[in-house]
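Peer 1: Model the structure of this input:
(2 chains)
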Amino acid sequence: MIKTNKDLLQYYNKITKESSKNDLEIIVSMGTCGIAAGTTPVLDELKKGIQEKGLSNKVTITESGCMGLCHSEPSIEVIDHKASKSIVYGDVKPEHALDILSNGVNPINGPTLINRTWYYPEDESKKENCPQARVVLRNTGRINPESIEQYIMQKGYQALGKTLCEMSPDDVVKSIMDSGLRGRGGGGFPTGKKWSLAKAVSADQKYVLCNADEGDPGAFMDRAVLEGDPHAVIEAMAIAGYAIGATKGGIYIRAEYPLAIKRLQIALNQAREMGFLGKNIFGSAFDFDIEIKYGAGAFVCGEETALIHSIEGMRGEPSFKPPFPAVAGLWAKPTIVNNVETYANIPAIIRKGADWFKTIGTPNSPGTKVFALAGKIKKVGLVEVPMGTTLGDMIFKIGEGIRNDREFKAVQTGGPSGGCITAKSIDTPIDYDSLRALGSMMGSGGMIVMDEDDCMVNIAKYFLEFTLDESCGKCTPCRIGNTRLYEMLDDITKGRGTQQTLFKLRDLAHVIKDTSLCGLGQSSPNPVLSTLANFIDEYEVHIYEKKCPAGVCRELIQYTIEADKCTGCTLCARNCPVSCISGERKQPHVIDQSKCIKCGVCYEACKFHAITKN
Amino acid sequence: MTQESSCCNGAIGSDNVLNMYPEKRKLLKEYIDVLPIGDDRNFNKGFLIQTLHKAQEIYGFLPESVQLFVADQLKLHVSAVYGVISFYSYFTDKPTGKYKINICTGTACFVRGAGRLVEEFERYLGIKEGETTEDKKFSLGGLRCVGACSLAPVVMVNDKVYGKVTTKMVPEIINDCE
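Peer 2: Numbering: from 1, shown residues only, chains lettered A, B, ... in the order given. Sure thing, here's the model as predicted:
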């Protein structure tokens, strides 16, 4: 049990000294994505190798969370503590294990060598050629999330100790306010302000909630933090509890994240055992504990009032604000709801101060943002950059450009609530305000890169389909308006659109934006409006020429075989799932258009580029 | 407790799942018994979602008889229970197949061709998304981002993840199940 700030420092010194890890440490990335890509056999092989070679007091294995290197999973980092050297490998296979064990930090052939593009602002000064700055992800991929000792060795719970022993609740709120931290869940509301509102209300009970119901299809940073560094969120929630005067906390998490839930439960138990949760924390009069609450798959529950209703056991429908949750939230008591990534910033701000935090990022949006970089990009992964980094740097420096060297077309940020940003805005520094000015939004940080093969009308339709599925149905503009929007887009992609459709589309989108009840409805037309603004030519080609320039909208394309290029190899005919290609061997083949389902299998199978799509 | 005894006699509820598996019912009852259920309906409601998670874990789905049982135990009206089940996509009141084939419909998978995969699975199994084959072997569904975007498009069969799936791999994946 840690009773005082001094206890914690003593314990920190003790375990840091004792642990003096073995000379060689191998960190194995064990997030959901790593495990899916096959990290477990690599880990087993490493463990076996250590045992067989009798290296157990020379090599330490750390099973960590995600390193963010999704493009090269399974990934591992080998650290030589004596020589202060490290090397990161991607695409590691079990057969590389023995080689890695015998070579340490000397590069071996086989796995991919990863160029490290990140640094840790809390401990290091800015490094050349490191566009990434990891504040939120400072521990994910570095420590074992199931070990509270390892978190403490990274100065864990010192921020909580500092707040409880040296700061008044007002001081805490003030330093968060001064840091300029804004909510990382999407809206960008100043976190300090939210806290001060809740603090100002007097009530017999207040609540601190954590929104871990990551619903944006294409964002997974909250999961990575919870799987890789659960204690950071727990510590931050306790700090928030002290600041606003709450004794109860809740983490609302998706049931689809079993690994994150498991690691959170372990972390909560450890924190209780050590006395970081429970009664009289750090010997103060402050009591705090956290419960896990399960979501059940509803995107709208990311909206704070909907989330609160869901915890109360009701349908997750949002309600009108005011009253804001800071005044009347869970069980009608003052409640703050912050997102996982927001919380993960808090301990660092308390440890290093608001002024330090403001040195990172832009004046209006200090700090960093984690993005899930995905889509048609070479290096898919989790990246954390200072606010104000340009899209170009993210896509071409960190993401290393577009796959198959296709042409970059647009990047979609903010998921179903966001919009597309095109090549002409590629040098815009990204922060909350600049993205909004571009007609998109930060959202939770999904960033899907698209190339010339993506049809923007179809992308808008995809997001509308998502909204339709997830709209709770409480207010009419969102429930019915989005259905009509979807139908219009469907018409356009099927060649039934007219000029009238285009006008109606824009009008209705604005009406939905202006009249919906909650953030989901108000932002749901964004994908339509931003593609209309940036890619009106594509809409027009669909409507007037009944063609899809990217060759995606099925009703508007036709596959044909060019007789002079066809060698009659029969490959297309053999692959066709509906057997609609006929022709003699070594004779040009023909597609029966009446039977063709336009699946594109023949197009991909043909080795002679004899099949055209137009 | 009249409602409970009547539903257990088969008077209420169009199915018999609750009575068919006494051991499952016992598990669920044990789970509910340790919850601090009181007379305040609003307070009890706070335990509804976690109880339904448990019930679905035990039964695989939430048939009417189980809904009635949960409502009775938590002293809620069954409409409150059904309202929650129909709202959240995680809960289902229909039995699912032995192999749950879920195609990721997250944005990254979408731009890399998940839509075509859905169609191919539908064609191959002869069912639509959200349905189960007659032999109760396969059910087909979509799922939001599993966070394996580098492997897009991704298909999950129960807990197994298939990455970089093409339409050609569909028969293979089905065969893998058998």
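
Peer 1: Which segments of chain B make up each domain?
Peer 2: Using automatic domain parsing, the domains assigned to chain B come out as B:2-87, B:99-177.

Peer 1: tell me the most buried of those domains?
Peer 2: domain B:99-177 (a mean of 20; mean count of other C-beta atoms under 10 Å in any protein chain shown). Glycine gets a C-beta too; all of them are placed from N, C-alpha and C.

Peer 1: Turn the domains of chain B into JSON lines, including distance to chain A and mean pLDDT.
Peer 2: Output for those, formatted as JSON lines (distance: least, C-beta to the nearest C-beta, whole Å; pLDDT from 0 to 100):
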{"stretch": "domain B:2-87", "distance to chain A": "3", "mean pLDDT": "86"}
{"stretch": "domain B:99-177", "distance to chain A": "3", "mean pLDDT": "87"}
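
Peer 1: List phi and psi for residue 136.
Peer 2: Using chain A. Main-chain dihedrals, residue A:136, degrees, to the nearest 10: phi -70, psi -40.

Peer 1: actually it's chain B I care about, not the one you picked
Peer 2: Main-chain torsions, residue B:136, degrees, to the nearest 10: phi 60, psi 30.

Peer 1: again, but for the one 3 residues further on
Peer 2: Taking degrees, to the nearest 10, you get phi -120, psi 150 for the backbone angles of residue B:139.

Peer 1: Then residue A:211?
Peer 2: Torsion angles, degrees, to the nearest 10, at residue A:211: phi -90, psi 100.

Peer 1: Now do the same for it: its pLDDT.
Peer 2: In this model, residue A:211 is scored at 95, pLDDT.

Peer 1: List the contacts of it.
Peer 2: A:185, A:252, A:302, A:304, A:307, A:337-340 (C-beta atoms under 8 Å, 6 or more residues apart in numbering or on different chains).

Peer 1: try 10 Å this time
Peer 2: A:183-186, A:222, A:251-253, A:295, A:301-304, A:307, A:337-343, A:444 (C-beta atoms under 10 Å, 6 or more residues apart in numbering or on different chains).

Peer 1: Run through the helices of chain B in chain order.
Peer 2: B:2-8, B:17-20, B:22-33, B:41-45, B:48-59, B:64-73, B:78-87, B:107-111, B:114-125, B:170-177 (DSSP state H).

Peer 1: out of these, nearest to residue A:233?
Peer 2: helix B:48-59 (20.1 Å; C-beta to C-beta).

Peer 1: could you say what helices and strands the closest one packs with?
Peer 2: Secondary-structure packing of helix B:48-59 (3 or more C-beta pairs under 10 Å, 6 or more residues apart in numbering or on different chains; DSSP states H and E): strand A:289-295, helix B:17-20, helix B:22-33, helix B:64-73, helix B:78-87.

Peer 1: Quick one: mean pLDDT for the first one?
Peer 2: If I follow you right, that is strand A:289-295. Mean predicted confidence for strand A:289-295 is 94.

Peer 1: any bit of it sitting next to chain B?
Peer 2: Yes: under the criterion of C-beta under 10 Å from any C-beta of the partner chain, chain B is reached by strand A:289-295 at A:291-295.

Peer 1: Is the next helix or strand after that strand positioned near chain B?
Peer 2: Moving toward the C-terminus from strand A:289-295, the first helix or strand encountered (DSSP states H and E) is helix A:304-311. Yes: contact of helix A:304-311 with chain B (C-beta under 10 Å from any C-beta) involves A:310-311.

Peer 1: Helix A:304-311 - what's its average pLDDT?
Peer 2: 95.

Peer 1: returning to that earlier point: any chance of CSV for the domains of chain B, columns distance to residue A:132?
Peer 2: As requested, these are exported to CSV (distance: least, C-beta to C-beta, whole Å):
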stretch, distance to residue A:132
domain B:2-87, 37
domain B:99-177, 17
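
Peer 1: CA-only coordinates of the helix or strand bottoming out on mean pLDDT in chain A in PDB, if you can.
Peer 2: Ranked by mean pLDDT, DSSP states H and E, the weakest helix or strand in chain A is helix A:32-37, scoring a mean of 82. Taking Å, rounded to 0.1, in the frame of the first residue of the first chain, the C-alpha atoms of helix A:32-37 are listed here in PDB:
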ATOM      1  CA  THR A  32      -5.200  -7.100 -30.900                       C
ATOM      2  CA  CYS A  33      -3.800  -6.300 -34.300                       C
ATOM      3  CA  GLY A  34      -0.400  -7.800 -33.600                       C
ATOM      4  CA  ILE A  35      -2.000 -11.000 -32.200                       C
ATOM      5  CA  ALA A  36      -4.200 -11.200 -35.400                       C
ATOM      6  CA  ALA A  37      -1.100 -10.900 -37.500                       C
END
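
Peer 1: how about the nearest residue to residue A:37 once chain neighbours are set aside, what does it touch?
Peer 2: In space, and not counting its chain neighbours, residue A:37 is closest to residue A:73: 3.6 Å by C-beta to C-beta, 6 or more residues apart in numbering or on different chains. The neighbourhood of residue A:73, defined by C-beta under 10 Å, 6+ apart, consists of A:29, A:31, A:33-39, A:42, A:66-67, A:90-92, A:380-381, B:148, B:150-151, B:163.
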